[in-house]
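Participant: Give the three-dimensional model of this entry:
(chains A, B, C and D, ligands or ions: 4)
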2 protein chains.
Amino acid sequence: MSSASILTQHGIKPSLTRMMIYDCLKESNSHPNVEEIYRHLVNQIPTLSKTTVYNTLHLFTEKQIARVVMLKDQENRYDLAGHPHAHFQCLVCHQVYDAELPEESHVPRGFQSFKIVDRSVLFTGTCERCLNP
Amino acid sequence: MSSASILTQHGIKPSLTRMMIYDCLKESNSHPNVEEIYRHLVNQIPTLSKTTVYNTLHLFTEKQIARVVMLKDQENRYDLAGHPHAHFQCLVCHQVYDAELPEESHVPRGFQSFKIVDRSVLFTGTCERCLNP
DNA sequence: TTATAAACTTGTAATCATTACAATATTTTA
DNA sequence: TAAAATATTGTAATGATTACAAGTTTATAA
Ligand SMILES: [Mn+2]
Ligand SMILES: [Mn+2]
Ligand SMILES: [Zn+2]
Ligand SMILES: [Zn+2]
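Facilitator: Numbers count the residues shown, from 1 in each chain, chains lettered A, B, ... in the order given. Ligands and ions are numbered 1, 2, ... in the order given. Sure, this is the predicted structure:
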C-alpha cells in the first residue's frame, strides 16, 4: 500500500515531507534518530528543517504509525508501528536488531487491575559480528 | 548487610557520600533520577555537587550495583541491581512500579550466536490508582 | 610526623537532544 | 481572489548530561 494512503488512513495529511519521512522509516530498518533522518532527507529536501522532522515524528507517534524504540540511548530512535517486536542492542557497535517478541505468558502478579497497553522488551549484549570480527 | 560492606565487596571505596547515595537508592523504591537524589541529599550534605551524584551513579552502574531503568523518560532513573525485575510505568501519573520479570522462554530465533547479557522489560498503561481515582 | 601521591569531590562551562515559539509558506475553504 | 487553516521553517530556550580543571580529603612512604 502506498505511503500516502497509509498516512491518510491514520488521519494524517500526506504532504511530500511527511511521506518522505515515512518512507525513510520504512526503507531503513536501522531505527534512525532525528539527526539521521534529517541528514538522509536534507539532500532531497534542501529546505527541510529539523523541527519538521521532530514535528512529524511526534505526529506519527501520536497517530500510532510510528513508535519510539526503547533503548538506553540518550536520543530517541524511531520505528514503524506495524508489527510488535522486541529489540537487541549490541553494547559494542550499538547496532539495533529486530527480534521476535517472546510470548506473553501472563499479566505480572499484582497487575490484574492495571490497564497494560504495551510491553517493550530490549535484549542487550554483543552481536554476532562483534563476537567474531 | 551494611552499605559499606556492599560497596567494598564491589570494589568501591565506601565514602560517606557514596554510602548515602547508595542508601538513597535502597530506601526509596521510586527509581529516582539525579535531580531527586541530589535534592534529597543536599539537606544532609550541603556541599554536595550534582556532578558527584552523576559520578557516583556512573561508578555504581559500572560496578554493577545499580542500573539505569529503561523508560521512555528523557532523563535516567536508577535502581539497585539486586534482583532482576520488570517495570510498569503509568502513562498518566508516570509512576514506576516494580513487576515480576516474565519467565524467559528462550533465546529469540536468530540470536543463538549472539551473547545476550541482559533483558529489560517495560510495561506501560494506566495504573490502578489512575483508573479508579 | 611530614611530604607526596592518589583518590574523591566540587563548580563552571560546554554539549547535545529536545522543545517553545513566532514567522513564513503553502494549502484549503469560502 | 481573499481569508482561514495547516504545514514548514529558523531561532532561541530548556534541561539532562558530560568535560574538565581546581580544590579537598585520604592513603602511602620517607
Ligand atoms: Mn524494530
Ligand atoms: Mn525497580
Ligand atoms: Zn555489535
Ligand atoms: Zn498512574
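Participant: List the buried residues in the helix or strand hosting A:Val68.
Facilitator: Taking DSSP states H and E as the criterion, A:Val68 maps to strand A:66-69. By neighbour count on 16 or more other C-beta atoms under 10 Å in any protein chain shown, the buried set for strand A:66-69 is A:Ala66, A:Arg67, A:Val69. Using the backbone N, CA and C atoms, a C-beta is placed for each residue, glycine as well.
Participant: Contact partners for the first one?
Facilitator: What that stands for is A:Ala66. Applying C-beta atoms under 8 Å, 6 or more residues apart in numbering or on different chains to A:Ala66 gives the contacts A:Leu25, A:Leu57, A:Phe60, A:Tyr78, A:Asp79, A:Leu80, A:Ala81.
Participant: helix/strand/coil for the residue of chain A positioned farthest from its centre?
Facilitator: Largest separation from the mean C-alpha position in chain A: A:Gly110, at 30.2 Å (C-alpha atoms, centre = their mean). State at A:Gly110, reduced to three classes by DSSP: H, G, I helix; E, B strand; the rest coil: coil.
Participant: and if you look at A:Leu122?
Facilitator: strand.
Participant: So it is in contact with A:His87, correct?
Facilitator: Yes. Shown here, A:Leu122 and A:His87 form a contact pair, counting by C-beta atoms under 8 Å, at 5.3 Å.
Participant: Grab the nearest non-local neighbour of the residue positioned nearest the centre of chain A.
Facilitator: Geometric centre of chain A, nearest residue: A:Asp79, 1.5 Å, by C-alpha atoms, centre = their mean. Closest residue in space to A:Asp79, ignoring its immediate chain neighbours: A:Val69 at 5.0 Å, by C-beta to C-beta, 6 or more residues apart in numbering or on different chains.
Participant: so the one you found bridges to which residues?
Facilitator: A:Arg77 (DSSP bridges).
Participant: In which helix or strand does A:Ile37 reside?
Facilitator: Using DSSP H and E, A:Ile37 sits in helix A:34-41.
Participant: quick one, strands of chain A?
Facilitator: Using DSSP state E, the strands found in chain A span residues A:66-69, A:77-80, A:86-90, A:96-99, A:115-126.
Participant: Pull out the buried residues from stretch A:111-120.
Facilitator: For stretch A:111-120, a neighbour-count test (16+ other C-beta under 10 Å) marks A:Phe111, A:Phe114, A:Ile116, A:Arg119, A:Ser120 as buried.
Participant: how far does that stretch stretch from start to finish?
Facilitator: 16 Å (C-alpha to C-alpha, to the nearest Å).
Participant: One more: stretch A:64-72?
Facilitator: One end of stretch A:64-72 sits 22 Å from the other (C-alpha to C-alpha).
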